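Enquirer: Build me a structure from this.
(chains A and B)
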There are 2 protein chains.
Amino acid sequence: MLHPVQQLLGSDAYIYQFKINAKSAFGGDKWAWHQDYLAWRLADGLPAPRQVNVGVFLDDVTEFNGPVIFLPGSHRNGLVREGRKDTAKSDQHLDPDDISLTTGQLAQLVSRHGMSSPKGPAGSLVFFSPEIVHGSAPNMSPFARRLLIATYNDAANLPQPSGQARPAHVVCRDTEPLLALDVPFSESLEPLTA
Amino acid sequence: MLHPVQQLLGSDAYIYQFKINAKSAFGGDKWAWHQDYLAWRLADGLPAPRQVNVGVFLDDVTEFNGPVIFLPGSHRNGLVREGRKDTAKSDQHLDPDDISLTTGQLAQLVSRHGMSSPKGPAGSLVFFSPEIVHGSAPNMSPFARRLLIATYNDAANLPQPSGQARPAHVVCRDTEPLLALDVPFSESLEPLTA
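Expert: Down below sits the predicted model:
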């Protein structure tokens, strides 16, 4: 997964967060619509939205087990600011109200961008921006929907928490640029136009 | 809608329930998996599952606004009995736990029948059995999902509540067989094989 991430960022990268969002059968509440980067800026003092999320389907993802829903292209204008509470703070427990989009904002964004939810067999990958608006419904099915999310960050964009840093199991401490073992990273890589 | 209902029932019919399930934008909680007829037998003393539900989409229905999800063919074996609480009673407020299927029952049923959720533009119709297992997810979208459900009952299958009947706005009192104005009902109609 590293080369595409480096291509998208046009820079070296390290793993900023590595987590499994495990929606159990008949469970896993819905996630309110949000943009990841706002949470990371508030909680970790992340200077810029220079991340790439890679979602790895650990289970088959269908319309019935709570797939992530994206508003395609909604990352292109950066963070939605209008009407949002935007108090800087460094909590370990972010209040969802601080990062959720309002009903009015969503209605506008969906009218402009539509909605799309990638589905596919276990092993499929989804690359997405830290600024894309997304959410997900509960898992209505009797089958788990486990999603591994590896978040890569530009190695020159290190967190600058204003207070105590979040724990190492939430925000990875090893910020050494990753190197693929098989193929050397080409210095000539340029960011792709998204 | 009356002729197809009469064809499916092979009998005269009247309107037993007439309701709008209005899932508001970003709202309308999920409905647990259930079979309608169990609720009606418990609450209204309905003798037999001789109903046809007709769902009328008042809004476009998509994968994102809480469509009804069916287990196709799950009505063919009647009510799921194994492991179910089945105490006869005549409440006006049914406890969802009394009619919801368990996780284990659902896992088996979905493995056998799969899941399917009809979608389409406003004005589309879905005919479904009172014994088919179904549920629905919340509405994740900024658009309402209003569903009109007309439930027709065999005119010879009148409710026999053990206590006080549910109010007229819940269970219709007019049990006169319906007649279509334009085309007379043919006595020769036979039930379709489902």
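Enquirer: which residues touch residue A:172?
Expert: If you count contacts by CB atoms under 8 Å, 6 or more residues apart in numbering or on different chains, residue A:172 has them with A:14-18. Using the backbone N, CA and C atoms, a C-beta is placed for each residue, glycine as well.
Enquirer: Would you mind listing what in chain A touches chain B?
Expert: Chain A has residues A:25-26, A:30, A:62-64, A:69, A:103, A:106-107, A:110-111, A:115, A:117, A:135-138, A:140-143 near chain B, with proximity defined as CB under 8 Å from any CB of the partner chain.
Enquirer: please redo it, this time with the cut-off set to 6 Å
Expert: Residues of chain A found near chain B (CB under 6 Å from any CB of the partner chain) are A:26, A:30, A:63-64, A:103, A:106-107, A:110, A:115, A:137-138, A:140, A:142.
Enquirer: Now tabulate these in TSV and tack on distance to residue B:5, neighbour count and secondary structure.
Expert: Shown next, in TSV, are the residues of chain A next to chain B (distance: CB to CB, whole Å; neighbours: other CB atoms under 10 Å in any protein chain shown; DSSP: H, G, I helix; E, B strand; the rest coil):
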residue	distance to residue B:5	neighbour count	secondary structure
A:26	33	21	coil
A:30	35	19	coil
A:63	29	20	coil
A:64	29	23	coil
A:103	38	14	helix
A:106	39	23	helix
A:107	37	16	helix
A:110	36	21	helix
A:115	34	21	coil
A:137	32	27	coil
A:138	33	20	coil
A:140	28	27	coil
A:142	32	21	coil
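Enquirer: Spatially, which two of these are the most separated?
Expert: Taking CB to CB, the two most distant members of the residues of chain A next to chain B are A:107 and A:142; they sit 32.8 Å apart.
Enquirer: Would you mind identifying the helix or strand in chain A with the lowest mean pLDDT?
Expert: Scoring the helices and strands of chain A by mean pLDDT, DSSP states H and E places helix A:96-99 at the bottom, with a mean of 63.
Enquirer: which other residues reach the helix or strand residue A:39 falls within?
Expert: Assigned by DSSP states H and E, residue A:39 falls within helix A:36-44. Around helix A:36-44, the neighbours that count as contacts under CB atoms under 6 Å, 6 or more residues apart in numbering or on different chains are A:46, A:49, A:79, A:89, A:94, A:99, A:130-131, A:159, A:161, A:171.
Enquirer: re the thing from before, okay if I get the residues of chain A next to chain B as CSV plus distance to residue B:147 and pLDDT?
Expert: Listed next are these as CSV, based on distance: CB to CB, whole Å; pLDDT from 0 to 100:
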residue, distance to residue B:147, pLDDT
A:26, 22, 83
A:30, 20, 69
A:63, 18, 95
A:64, 18, 94
A:103, 21, 84
A:106, 22, 91
A:107, 20, 91
A:110, 20, 95
A:115, 19, 96
A:137, 17, 84
A:138, 19, 87
A:140, 16, 90
A:142, 24, 89
